[in-house]
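A.B. asks: Quick one: sequence and predicted model below, then my questions.
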Amino acid sequence: MDLFRLQKKLKDNSFLFLLLIVFLAIWIALYSHFYQPFWDGAVYISNAKNIFSYGEIAYWESVRPIGWPIILGVFWKLGADLLVIGKILELLFSIGTISLVYLISKQLFNKKIADIAAVIITFNSLFIFWTFKLYTSIPATFFFLLSLYFFTRKQNVYAGIFSFIAVMVRYPIIFLIVPLEIYLLYRIFKQKKNLLSLVYYNIPILLGIIAFFIFNHYKYSSWLGPVYVLISSTGWGSSPLFFPNNSLLYLGSFPLFLHIMLPFLFFGIYLLFKEKLKNKEEIIFLILLPLIILYAFFQIISMKDERYILPLIPLIAIISAYGLSKIRPSVRKTILIAYMLISIGLLMIFPATHHMFFPDMAQNQSIVERCPFDAKIAASTPLAVIYWYDYFPFFSSREEAMTRFSEVMPDVQCVFHTSCDFTGKFPEDIILEEYELIYQDENYCRNSVYAK
């Protein structure tokens, strides 16, 4: 019987499994092209090493959420290469995200819309690109969708657990969680019952918050810890890169990364209010409202980055799939093929990140001999911590950098500097009093290595 059920599930969801194979093939094909992570990914590796070495190595950046470093740190403690295992984890979270988009769409709509939504998320160029960067957006999105999956199945304890984990991986996910609370309150008000659903959902969240406060009090002597600093330092206003004055297009990310799919998002929203749907209230509260609230939050903060919309892409995919499902099959097929081709084309013009400073340094034997991987180094970018065991951050202004660096200089064997990540004039004159220049190149940035 179990074998029969498994065969039936495989048959019923064969299109999803095909998409997952295609996604894996794309990921493997692009792995070497987008190999190098970016700044924040390296910071999470540094935090992972720091928290699991009890503060003895690397550097702890307090404003970062603790969820992703804890996940990475467990594997680091087991001896894994965090650059490799981090990418594998991101891949698994991405595959899980695609699967959850399919399952949630199937639950709230039907299989046809689930198939379309899975195609949209699988071939989204922004989603694929950030799978390689060890950032928090994809794992946080996965945990949010996992909570949404359990929520739609009335398994509220599990929904609460994964909602809390999602926020601990990436704080702004809280704006996706709030509508779930609103929906539970709405059901209590409307049906005069379901109070237990609210209680079951919030018990694990409250327990998680208590644990988070205890951690903050232990580490920072403050219940809120870095959250208060993060909120107080957040810039409010508008400074989009491509479209000025708080543009509704937000960076141009929506049209750039959704392109021909964007009209179907608005068409899907229109149909959502016009047509009669069995799960209409759930779709509005659990899919549309989180999309609107998180998007509104991104509109009022000053720093805008296209990766911020990653948690919105699954929600956009579901609503767009609903809109797209209402047109003729032949036209729909043509649009989906065009969407896939354009998305792959966008990936081809994304900047390659395989040939960068620190991978090259780690493979340069003359440098490794003077600066072995177990040596303490200072670096103007956290990317150094991916390859070297212990590093001290050496960025910001010249005066601040030297003030902080002077405290650890006796223990620092090498200094790595890349001009792209240092504010102001690098204090090379002071560095050369204790170190000698052993390597320098000019490849987009001015990269230098100094050793004692």
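C.D. replies: Received it, and whenever you're ready, just let me know what you need. Treat the numbers as computed from the prediction; the structure is a model and nothing was measured.

A.B. asks: tally of neighbours for Gly79?
C.D. replies: Other residues within reach of Gly79 by the criterion other Cβ atoms under 10 Å amount to 7. (Each C-beta comes from the backbone N, C-alpha and C, glycine too.)

A.B. asks: Look at it and give its secondary structure.
C.D. replies: Put simply, Gly79 is coil when judged by DSSP: H, G, I helix; E, B strand; the rest coil.

A.B. asks: so how far is Ile85 from it?
C.D. replies: Using Cβ to Cβ, to the nearest Å, one obtains 10 Å as the distance from Gly79 to Ile85.

A.B. asks: Same check on Phe266?
C.D. replies: Phe266 is 40 Å from Ile85, where distance means Cβ to Cβ.

A.B. asks: who has more neighbours, these two?
C.D. replies: A count of neighbours by other Cβ under 10 Å puts Ile85 above the other of Phe266 and Ile85, at 18 against 12.

A.B. asks: which residues does that one contact?
C.D. replies: 72, 75 (Cβ atoms under 8 Å, 6 or more residues apart in numbering).

A.B. asks: is it true that Arg446 lies in a strand?
C.D. replies: Yes. Remark: Arg446 belongs to a strand, assigned using three-state DSSP.

A.B. asks: My read is that it contacts Ser419, right?
C.D. replies: Yes. The pair Arg446 and Ser419 passes the contact test of Cβ atoms under 8 Å, sitting 4.1 Å apart.

A.B. asks: What about Ile292, how many residues nearby?
C.D. replies: Residues near Ile292, counting by other Cβ under 10 Å, number 15.

A.B. asks: Okay, and it sits in which element?
C.D. replies: helix 289-300 (DSSP states H and E).

A.B. asks: From the contact counts, what lies against that helix?
C.D. replies: Of the remaining helices and strands, those touching helix 289-300 by 3 or more Cβ pairs under 8 Å, 6 or more residues apart in numbering; DSSP states H and E are helix 174-191, helix 313-324.

A.B. asks: Ramachandran coordinates for the residue nearest the centre of the chain?
C.D. replies: The centroid of the chain falls nearest to Ser137 when counting by Cα atoms, centre = their mean (1.7 Å). Dihedral pair for Ser137: phi -60, psi -50, per degrees, to the nearest 10.

A.B. asks: Show the contacting residues for it.
C.D. replies: Remark: with contacts taken as Cβ under 8 Å, 6+ apart, Ser137 is in contact with 130, 170, 307-308, 310-311.

A.B. asks: What is the nearest of the residues you listed to Phe297?
C.D. replies: Phe297 has its nearest neighbour among these in Tyr308, at 9.2 Å by Cβ to Cβ.

A.B. asks: Now do the closest residue to that closest one other than its chain neighbours: how many residues are near it, please.
C.D. replies: Leaving out its chain neighbours, the residue that sits closest to Tyr308 by Cβ to Cβ, 6 or more residues apart in numbering is Phe298, at 5.3 Å. Burial measure for Phe298: 20 neighbouring residues, criterion other Cβ under 10 Å.

A.B. asks: From what I see, Phe298 and Glu306 are in contact.
C.D. replies: No. With contact defined as Cβ under 8 Å, Phe298 does not reach Glu306; the gap is 10.5 Å.

A.B. asks: Now do Phe267 against Ile335, distance only.
C.D. replies: Relative to Ile335, Phe267 is positioned 12 Å away (criterion: Cβ to Cβ).

A.B. asks: Common neighbours of these two, please.
C.D. replies: Leu324.

A.B. asks: and the gap between the residue nearest to His259 when sequence neighbours are not counted and Thr131?
C.D. replies: With sequence-adjacent residues excluded and distances taken as Cβ to Cβ, 6+ apart, His259 is closest to Ile342, at 5.4 Å. Relative to Thr131, Ile342 is positioned 19 Å away (criterion: Cβ to Cβ).

A.B. asks: Who has more neighbours out of these two?
C.D. replies: Neighbour tally, Ile342 and Thr131, criterion other Cβ under 10 Å: the higher count belongs to Thr131, 26 against 17.
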